[in-house]
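1. sequence and predicted structure below; questions after.
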Amino acid sequence: MAPSRRFELLTTTVLVVALLAAATAPAAAAEDHYEFTDDAYWTEQGEVVSITLEDGNEANDTFRFHLGTADQGLAAHATVVDENGDGEVTVRVNTSMAGQTNASAYLAAAGEDSISNASQSTSRLSHIPDAGDYDLRIGPADDPNETAHLVIEENESAADPISGTPESEPSGDPDFNESVVTANVAGSGVAEIPVRFGGAETVTVSIESDETGFSTVLELTDADDDGSATVTVDAAADAESPRDTVSVSNGDDAEFQSMNESVPSLEAGVDYGLGVAHNGSVVNVATLVVRDEPVETTTSIATESTETTTADTTESTTTANASATTATGTSDTVVPGFSAVLAVVALLAAAFLAVRR
């Protein structure tokens, strides 16, 4: 067999073996996200349960944690950070308080790790959570990377609600305070959109336009527990991202759920749809009107000011001229006795000429 043929045959054999090895090799088990250490975690009503998660293969130290769903009557969310980078995080859930107060009060991280942006997307409970099975999820809430279960068993001795838990929630659905909000690009370009949370701790607000393609969805959390928040839009901003256009009032938390990065700015002459949603359903709508109209000025005040200034200037000028005239008159007036001196000088000059002749 020619050397070239042997080389081709050898190369083909190596490729076939490599392909077979790749096809039959077991899939890599490494994951790039945190994983629950157990499929289920058990506790009783009123107890604190520890939920431990371990690092996958070089997973990000920060991830989203979700407890329960709207259908289960309790849905809480938080951002968890493995602060010490040891690849293990333990989230503690206090079931004696869960659902009855701010999520930050019943969700915590053990040791040096931390939890932030804790929120509850369901209405507050007037009692401890019912016994039952609650979903646990890591990553996006609607497409989690990892799932498990929290099983809460009944405990009759822990049946009473925690001290200070409100028995009722503010009535009404989340809503906008105003049905129409206007932003004028010719002015500041800024518009404030007041939002009421109703009985919810977390709501979703959307700002969208089919005409321009602008689309931004925010999850708002009533972090200061005052029942309201203000979404601020800047229609005049030289924005590179919707994050430069939309912001939320101090004291409340906001997380961008989605946005169209290719359309970062608002356009004048366009009406934008506003929606506020709770538990995945839009419950109220409003309109953001963006205009570019000349800003009216109060001319009467300016005219009065101008007239006053002119009058003052005229008066000052007249006074100055009068003063100048007086000064000039004083300087041009012949000093008394000066004419007599001139006459004497003239006579002396005449006498001198006569003597010379």
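-> Nice, thanks for sending it over.
2. which parts of stretch 98-105 are buried?
-> Within stretch 98-105, the residues scored as buried using 16 or more other Cβ atoms under 10 Å are 98-104. C-beta coordinates here come from the backbone N, C-alpha and C atoms, glycine included.
3. what does it contact?
-> 67, 73-74, 76-78, 94, 97, 106, 115, 118-120, 122, 124-129, 161-162, 164-165, 201, 223, 225 (Cβ atoms under 8 Å, 6 or more residues apart in numbering).
4. swap in stretch 217-225?
-> 102, 117, 119, 195, 197, 200-206, 228-229, 231, 246, 248, 251-259.
5. stretch 131-140 now?
-> So stretch 131-140 is contacted by 33-36, 41, 45, 51, 53, 63-69, 72, 74, 144-155 (Cβ under 8 Å, 6+ apart).
6. can you name the next helix or strand after the helix or strand containing residue 218?
-> Following DSSP states H and E, one finds residue 218 within strand 215-221. Scanning forward in sequence from strand 215-221 by DSSP H and E, the next helix or strand is strand 228-234.
7. okay, buried residues for that following strand please.
-> In strand 228-234, counting by 16+ other Cβ under 10 Å, buried: 228-231, 233-234.
8. if we can go back for a sec, please check the contacts of stretch 131-140 and keep the buried ones.
-> 33-34, 36, 41, 45, 51, 53, 63-69, 72, 74, 144-146, 148, 150, 152, 155.
9. re the thing from before, could the buried residues of stretch 98-105 go into a markdown table alongside pLDDT and secondary structure?
-> As requested, these are exported to a markdown table (pLDDT from 0 to 100; DSSP: H, G, I helix; E, B strand; the rest coil):
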| residue | pLDDT | secondary structure |
| --- | --- | --- |
| 98 | 92 | coil |
| 99 | 91 | coil |
| 100 | 88 | coil |
| 101 | 86 | coil |
| 102 | 86 | coil |
| 103 | 89 | helix |
| 104 | 87 | helix |
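10. the longest strand seen in the chain pairs with which strands?
-> Assignment by DSSP state E gives strand 281-291 as the longest strand of the chain. Applying DSSP bridges to the sheet, strand 281-291 is found paired with strand 180-184 (parallel), strand 270-278 (antiparallel).
11. hmm, back to that, among the buried residues of strand 228-234, which one sits closest to residue 290?
-> residue 233 (8.5 Å; Cβ to Cβ).
12. which of the buried residues of strand 228-234 sit farthest apart?
-> 228 and 234 (20.4 Å).
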